[in-house]
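Peer 1: Everything below, folded, please.
(one chain, ligands or ions: 1)
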Amino acid sequence: MGWTGHSFLAMHEADVVVPAPGFVEHRLSEWFDGIAGTPADTAVYIQDSGLPGGTVFVMGGTHPNEPAASMAAVLLLERAHVTAGRLIVVPFANMMAFNHNSPQEGHPQAFHFALPDGSRRVFRYGSRATNAIYQWPAPDIYIHEPSGQNLAGSESSNLNRAHPGLPDGNLTQRLAYALLEMIRKEKVDLAFDLHEASPEYPVVNAIVAHEKSMELAAMVTMELEAAGIPMRLEPSPTNLRGLTHREWGDNSDVMPILMETGNPSQGRLRGRTDEALVLTGEDKFYAKASELGRLFIPYERDQPIDLRVARHVTAIMSFVEMLGMVKPEAEIAVDGVPSYGEIVERGLGAFLAPLPRS
Ligand SMILES: [Zn+2]
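Peer 2: Predicted coordinates for the structure are as follows:
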């Protein structure tokens with residue numbers, strides 16, 4: 001019991017990040033004090049070039065069992081140098097879901113990256129849902145506000161069914177409200193919510209775009225396809241409520257984008273589930289499913305997190321480059337971020353910053 005208790009409690013220790021020079025750390029509660037002092041509050045990092053331009057917001061960690069999403073945000077946070085406009089990064093959106101695992105999934109509690117200097121960086125593998133210690137019990141039926149759409153009770157702890165949020169709702173709804181307040185008050189032009197999904201799920205290796213973002217998303221999809229990065233483009237359904245790509249677009253001036261990569265450690269067909277599966281995506285059952293033509297991603301024998309992060313980051317950089325073409329006053333320029341080929345070849349660990357010695 002002592003060992004298990006220690007192991008559970010260790011998940012309450014926040015992951016350490018090393019923001020690139022120029023990023024200033026804020027708390028999300030600065031935009032909505034209804035989450036101040038609660039476990040829903042999370043770090044918001046802003047890098048302002050000081051030069052006119054647009055504001056781009058990148059969010060990872062909506063679902064902490066989708067590790068390439070938060071790692072793509074961490075990579076941008078640790079490498080980006082903004083030379084026009086502003087970049088806002090929230091690497092761990094739902095902190096209340098990072099400190100536990102989903103029951104009966106056998107997921108590891110953490111995964112590691114080796115850095116060129118021999119040191120290691122560790123990040124938590126959490127759950128899709130807000131920890132029940134913060135919201136208990138789940139209702140039988142979750143009624144999404146303000147649409148009135150009925151969902152399974154467990155979805156009341158899913159951040160990506162809580163948007164646009166409620167100022168006096170449960171903590172997950174208040175968190176969603178705070179994120180939208182930040183988007184509105186900071187006049188964000190383009191916002192990303194990063195995800196991963198099972199390789200057997202049709203919306204994977206995909207960009208999901210609101211009507212407002214569709215033109216830009218179509219341009220980016222074509223550019224990525226031309227660069228040999230297959231990408232599916234999906235319109236945000238108008239009748240599925242609570243998701244960022246729908247609610248951010250309907251409730252603010254932002255152009256929202258949701259992106260998905262294929263994560264075998266989350267899938268239903270997987271076999272042995274451990275840290276290696278999280279990092280390499282190598283699984284013989286997925287290899288067989290791919291042979292049978294049952295997957296929605298190109299999969300030969302693996303799907304490494306490096307590749308999944310490279311997809312997210314490369315797509316974001318492509319959006320950033322093209323934003324000025326559809327909204328000239330929102331042009332933004334970012335450098336310092338490694339290319340798709342560099343991340344795939346050298347691995348994500350090569351581009352993470354070593355932890356400061358203290
Ligand atoms: Zn997700």
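Peer 1: and the helix or strand where residue 142 lies, which strands flank it?
Peer 2: Using DSSP states H and E, residue 142 sits in strand 141-143. Paired neighbours of strand 141-143 in the sheet (DSSP bridges): strand 150-152 (antiparallel).
Peer 1: List of residues touching the strand it pairs with?
Peer 2: With C-beta atoms under 8 Å, 6 or more residues apart in numbering as the contact definition, strand 150-152 has outside contacts at 141-144, 161, 242. Placement of C-beta: from N, CA and C, glycine included.
Peer 1: Packing partners of the helix or strand just after that strand?
Peer 2: Next in sequence after strand 150-152, counting helices and strands by DSSP H and E, comes helix 171-185. If you count contacts as 3 or more C-beta pairs under 8 Å, 6 or more residues apart in numbering; DSSP states H and E, helix 171-185 packs onto strand 55-59, helix 244-251.
Peer 1: How about the last one and the ion, touching?
Peer 2: No. On the criterion C-beta under 5 Å from the ion, helix 244-251 is out of touch with the ion, staying 10.0 Å away.
Peer 1: Mind checking the pLDDT average for that helix?
Peer 2: On average, the pLDDT along helix 244-251 is 98.
Peer 1: tell me the secondary structure for the closest residue to the ion within the stretch 251-358 of the chain?
Peer 2: Here the residue of the stretch 251-358 of the chain nearest the ion is residue 260; by C-beta to the ion that distance is 7.3 Å. When classified by DSSP: H, G, I helix; E, B strand; the rest coil, residue 260 comes out as strand.
Peer 1: Mind putting the contacts of strand 150-152 into a markdown table with distance to residue 155 and neighbour count?
Peer 2: Shown next, in a markdown table, are these (distance: C-beta to C-beta, whole Å; neighbours: other C-beta atoms under 10 Å):
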| residue | distance to residue 155 | neighbour count |
| --- | --- | --- |
| 141 | 9 | 11 |
| 142 | 5 | 22 |
| 143 | 10 | 13 |
| 144 | 8 | 22 |
| 161 | 5 | 22 |
| 242 | 8 | 23 |
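Peer 1: From these, pick the one nearest the ion.
Peer 2: Of all the contacts of strand 150-152, residue 161 has the smallest distance to the ion: 10.6 Å, by C-beta to the ion.
Peer 1: who's in contact with that closest one?
Peer 2: With contact taken as C-beta under 8 Å, 6+ apart, residue 161 is in contact with 142, 144, 151, 155, 241-243.
Peer 1: Throw those into a markdown table and include distance to the ion, thanks.
Peer 2: As requested, these are exported to a markdown table (distance: C-beta to the ion, whole Å):
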| residue | distance to the ion |
| --- | --- |
| 142 | 17 |
| 144 | 17 |
| 151 | 15 |
| 155 | 12 |
| 241 | 16 |
| 242 | 13 |
| 243 | 10 |
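Peer 1: Tell me which two of the residues you listed sit farthest apart.
Peer 2: Greatest spacing in the contacts of residue 161, by C-beta to C-beta: 142 and 243 (13.8 Å).
Peer 1: And what about the spatially closest residue to residue 102 that is not a sequence neighbour, helix, strand or coil?
Peer 2: Take residue 102 and drop its neighbours on the chain: the residue closest to it by C-beta to C-beta, 6 or more residues apart in numbering is residue 127, 4.4 Å away. With three-state DSSP as the basis, residue 127 sits in coil.
Peer 1: Which strand or helix spans residue 303?
Peer 2: Per DSSP H and E, there is no helix or strand for residue 303.
Peer 1: quick one, what contacts the residue nearest to it when sequence neighbours are not counted?
Peer 2: Spatial nearest neighbour of residue 303, chain neighbours left out: residue 281 (3.2 Å); criterion: C-beta to C-beta, 6+ apart. Residue 281 is in contact with 262-265, 302-305, 308, counting by C-beta under 8 Å, 6+ apart.
Peer 1: For this structure, what lies in contact range of the ion?
Peer 2: For the chain, the contact set with the ion under C-beta under 5 Å from the ion comprises 63, 66, 195.
Peer 1: tell me the contacts of whatever residue of the stretch 151-300 of the chain ends up closest to the ion?
Peer 2: The ion sits closest to residue 195 of the stretch 151-300 of the chain, with a gap of 3.5 Å, by C-beta to the ion. By C-beta under 8 Å, 6+ apart, the contact set of residue 195 is 62-63, 66, 69, 160, 258-261.
Peer 1: and which of those is nearest residue 21?
Peer 2: The closest of those to residue 21 turns out to be residue 69 (C-beta to C-beta; 24.4 Å).
Peer 1: Report the separation between that closest one and residue 160.
Peer 2: Per C-beta to C-beta, to the nearest Å, residue 69 is found 11 Å from residue 160.
Peer 1: Nice, that's everything, thank you.
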